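Engineer: Okay, here's the prediction I keep looking at, along with the sequence it came from:
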2 protein chains.
Amino acid sequence: MSDALLSDPNGFDAEAFRREAHAFLDWVASYLSRVEQFPVRSQVAPGALRAALPLAAPEHPESIPALIEDLEKLILPGITHWQSPNFFAYFPANTSTPSLMGDLVSSALGVQGMLWITSPACTELETHMLDWLAGLCGLPARFLSSGTGGGVLQDSASSAVLCALLAARERATGGRANEEGCRGDLVVYGSTQTHSSLEKAVMVAGLGRRQLRKIAVDADFAMSPAALKAQIAADRAAGLTPCMVCVTLGTTSTLAFDPLPELATLCREEGIWLHVDAALAGSAAVCPEYQALLAGLELADSYCFNPHKWLLTNFDCSCLYVADRSALISALSITPEYLRNSISDDGAALDYRDWQIPLGRRFRALKLWFVLRREGAEGLRRHIRAHVALAARFATHLEHDPRFEIMAPPRLNLVCFRLRDNNERNAALLEALNASGRIYLSHTVLDGQYVLRFCVGQPQTAVRHIDEAWALIAGTASALAA
Amino acid sequence: MSDALLSDPNGFDAEAFRREAHAFLDWVASYLSRVEQFPVRSQVAPGALRAALPLAAPEHPESIPALIEDLEKLILPGITHWQSPNFFAYFPANTSTPSLMGDLVSSALGVQGMLWITSPACTELETHMLDWLAGLCGLPARFLSSGTGGGVLQDSASSAVLCALLAARERATGGRANEEGCRGDLVVYGSTQTHSSLEKAVMVAGLGRRQLRKIAVDADFAMSPAALKAQIAADRAAGLTPCMVCVTLGTTSTLAFDPLPELATLCREEGIWLHVDAALAGSAAVCPEYQALLAGLELADSYCFNPHKWLLTNFDCSCLYVADRSALISALSITPEYLRNSISDDGAALDYRDWQIPLGRRFRALKLWFVLRREGAEGLRRHIRAHVALAARFATHLEHDPRFEIMAPPRLNLVCFRLRDNNERNAALLEALNASGRIYLSHTVLDGQYVLRFCVGQPQTAVRHIDEAWALIAGTASALAA
């Protein structure tokens, strides 16, 4: 049994590669055909997989059939099936055939895109795809690479907001923070509904969690501009320096939209870096009818959305745009001798290592390129519209059952709801649904109330899945009440 | 033309998937068969790819043949072929058939491993594979998950050292830095040869670059324990707080090994977090004869090596081990309501989101599992030993040509050399070699001298590639001299 790619004076064995690859592809095709048959949330107990695995790595090579058998017997029971059409938890993690193929080609090319010279196509296709997406989504021209801005792929919105914060930190300190460190006087603003990644970024960047202001929200869970303005004034009066405001378009709990136009104007007046996080909702802007949701973005310094959430592209694929790329690069750039080369020194090309925390990077733009070309803009729009319509259908079911109430304005593909009952009963409902294995939902807490989240995001979810999910929810509620 | 995975009440079309997948697999097999035929370093000019691409994303779906044609015509010229057997630059980025297959299955499962519950197999297989690797490499028991430690996969050694620094920062400040921010009194130690990712981590974490001490090295480019000890004493005398020492086993420029046993003892005496970076060299420890290189690791707090560099596993796959996982988790953990679940609350399972910067994470352990099982320990050892032997063969060629000198002790798979001539002539030699497209090398600067690096790391590199590379180098040197 020899590995097709192992050090071998005879070179690459294409036939051996094809045999192995076709075996795994057949398994993948089989898995995706059967995905609906498995319990959506894994039903295993902690430690079950580890108990079934040998204690040490094998000394000798094992066969392809042995691996495939173990995928079936050991791995699948421990999978929570994010690709199931009955997965309605968290936010989705999309994938698609073209995305899988782009990722496969990326793995096979096996290039490091840290510098332009280490694979020019990796850098240039990424810049270009981010421009394509900016065009599709109607993003402001300031985020295009043709001006002073540009886009980069990050692994996640968490890393994107950290990079934005580092750029904001340098701007707020006149470029001194990288050299001298933080001083405890920088303040960052989000809302009570902002994703926890902002708090993590504030910790990581050394600003200190107590320097994060969680601004109050209105009845629709959107940040209050008046409260933000007052807090900024109070901080300035206390001798502190506002560093960054993170505005969310589509919060994690309820898809609430902070009022960007008003908040953006305030940031501009105050001279504060404005980062806009639309991790899930940003994908909807491929549809012209949703581009108005981004109004005010023309005043933002940075913007993030995740095609790996809702644009048929598998993780990781998070788009970070900046209006002034030099601010980002100066915050993240270090050039040791072993990475120097004439093209970078001349400034003739971008080096994306200076746009992110890690040095190394995959050729992630390939999967975006494949998705955009195989789907076309029309395919992406159809995908978004289908999910929005399915979420609306689910909301309609809820509205016709007086036992339930909708807890936040249904937006895009998310519906937040609860039984008109106490928190314990709602938590029991969620656990009963998830333990059934038939659907998977997650929850949040809003104003002290335990709320179920129903998010439609898997490419194969269709009307019947929505109706069956509703029947299960309604029936489970009846059973609990009995 | 419809996407097999697109929202469709008819569900997944396995036949369409197979057709598309087989087309791309055939292309991958063809590429890997031909990889030696392409110029190793891409020869395109900046902007060439972008000029050939449409300005906007297509409105309608495009065909598979159109994509494959563009891979050939547009992408391949812009690729620097890291998988070529004639790639000797930087450190390698390994891949292999089992790694490609593991990555494919990961993409298809499309799970988010942020929490145990979001796919138990993703978390448990990762913990288990890190234990397997610890066993294979003879790592100290303190890094095993069965005790207080454990391992996690990061995207890169850059992210690993940042996570280690954040844990060290919390320990050095008695857990106050996350809450209160940095105060400018924390000091971090590396050597003049430490990878730039340490400096970047110090910047990112808000300690300030001026707080990084680049300790002097000896004639073999290894950190001087005496100089480190003196610097620590001076910093303490100045009222500063030592936070972390980063010891490198196998530096980027020359694969120099800092004297870990002595440095580790010093760190223990001083009570300073010890991070050990063996990004490239760590893979060699799968061979028993190289495990002595890790002596002293039993006193380290954290340890990193990258299977994506030299263990047949494609990027990203960087192993971070910690002796006290609670230190890492307490530095990186935040739990918003929408991520809470009973199994995490009970402490019954690990949640890897608390071991890293991003929230989301791929099922990266699959590719390691596939590689370890398809190669077996014996296959991995053969791979490492072959490359070390090939690098030694190259060094022997150099030693027999008096025009050249070896600039650092050849170690493992790296040889640093130069013409006995000025820097300009050496830079010209490197550029002539890389412009030829026949081989790709990179360089460094040691004590002011421009030095060429020849690193053997691609799985298909064989004796003939070494001998042909040497013939080209010797011949190019003659041509330059003429």
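Structural biologist: Yep, it's here. Numbers count the residues shown, from 1 in each chain, chains lettered A, B, ... in the order given.

Engineer: can you count the residues close to A:Pro140?
Structural biologist: Residues near A:Pro140, counting by other CB atoms under 10 Å in any protein chain shown, number 18. Just so you know, the C-beta spots here come from the backbone N, C-alpha and C atoms, and that holds for glycine as well.

Engineer: excluding its backbone neighbours, what's nearest the residue of chain A with the smallest separation from chain B?
Structural biologist: Closest contact between chain A and chain B, by CB to the nearest CB, is at A:Gly206 (1.9 Å). Once flanking residues are discounted, A:Gly206 sits nearest to B:Gly206: 1.9 Å by CB to CB, 6 or more residues apart in numbering or on different chains.

Engineer: residues contacting the one you found?
Structural biologist: Shown in contact with B:Gly206 (CB atoms under 8 Å, 6 or more residues apart in numbering or on different chains): A:169, A:177, A:181-182, A:205-207, B:181-182.

Engineer: Need those residues in CSV (columns: pLDDT and secondary structure).
Structural biologist: Formatted as CSV, the contacts of B:Gly206 follow (pLDDT from 0 to 100; DSSP: H, G, I helix; E, B strand; the rest coil):
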residue, pLDDT, secondary structure
A:Arg169, 97, helix
A:Ala177, 92, helix
A:Gly181, 93, coil
A:Cys182, 89, coil
A:Ala205, 97, coil
A:Gly206, 96, coil
A:Leu207, 96, coil
B:Gly181, 92, coil
B:Cys182, 88, coil
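
Engineer: Looking at the residues you listed, which is nearest A:Phe24?
Structural biologist: Looking at those and their distance to A:Phe24, the nearest is A:Ala205, at 41.0 Å (CB to CB).

Engineer: Report the separation between the closest one and A:Cys182.
Structural biologist: 7 Å (CB to CB, to the nearest Å).

Engineer: Quickly list what's touching both of the two.
Structural biologist: With CB under 8 Å, 6+ apart, A:Ala205 and A:Cys182 have common neighbours A:169, B:206.

Engineer: Would the biggest helix by length in chain A count as contacting chain B?
Structural biologist: Secondary structure of chain A per DSSP state H: the longest helix is helix A:365-399. Yes. Remark: helix A:365-399 sits within contact range of chain B at A:366, A:370, A:372-379, A:382-383, A:386-387, by CB under 8 Å from any CB of the partner chain.

Engineer: With pLDDT as new columns, can these be given to me in JSON lines?
Structural biologist: JSON lines is the format used below for the residues of helix A:365-399 next to chain B (pLDDT from 0 to 100):
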{"residue": "A:Leu366", "pLDDT": "98"}
{"residue": "A:Phe370", "pLDDT": "98"}
{"residue": "A:Leu372", "pLDDT": "98"}
{"residue": "A:Arg373", "pLDDT": "98"}
{"residue": "A:Arg374", "pLDDT": "97"}
{"residue": "A:Glu375", "pLDDT": "97"}
{"residue": "A:Gly376", "pLDDT": "98"}
{"residue": "A:Ala377", "pLDDT": "98"}
{"residue": "A:Glu378", "pLDDT": "97"}
{"residue": "A:Gly379", "pLDDT": "97"}
{"residue": "A:Arg382", "pLDDT": "97"}
{"residue": "A:His383", "pLDDT": "96"}
{"residue": "A:Ala386", "pLDDT": "97"}
{"residue": "A:His387", "pLDDT": "97"}
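
Engineer: Could you point out which of the residues you listed is nearest to B:Leu320?
Structural biologist: Distances from B:Leu320 to the residues of helix A:365-399 next to chain B, taken by CB to CB, are shortest for A:Leu366, at 27.2 Å.

Engineer: measure the spatially closest residue to A:Leu74 that is not a sequence neighbour to B:Gln43 for me?
Structural biologist: Leaving out its chain neighbours, the residue that sits closest to A:Leu74 by CB to CB, 6+ apart is A:Ala52, at 5.4 Å. According to CB to CB, A:Ala52 stands 51 Å off from B:Gln43.

Engineer: Repeat that for A:Cys287.
Structural biologist: From A:Cys287 across to B:Gln43, the span is 41 Å (CB to CB).

Engineer: quick one: which of these two has more around it?
Structural biologist: Using other CB under 10 Å, the more surrounded residue of A:Cys287 and B:Gln43 is A:Cys287, with 20 against 16.

Engineer: Could you verify my assumption that the more buried one touches A:Arg385?
Structural biologist: Yes. At 6.3 Å, A:Cys287 and A:Arg385 qualify as touching, with contact defined as CB atoms under 8 Å.

Engineer: Neighbour-wise, which one of the contacts of B:Gly206 leads?
Structural biologist: In the contacts of B:Gly206, the most neighbours by other CB under 10 Å go to A:Gly206, 31 neighbours.

Engineer: State the distance from that one to B:Val204.
Structural biologist: Distance from A:Gly206 to B:Val204, by CB to CB: 8 Å.

Engineer: what does A:Ala471 give?
Structural biologist: 50 Å.

Engineer: So between the two, which is more surrounded?
Structural biologist: Counting neighbours by other CB under 10 Å for A:Ala471 and for B:Val204 shows that B:Val204 has the greater number, 27 against 12.

Engineer: Cheers, nothing more for now.
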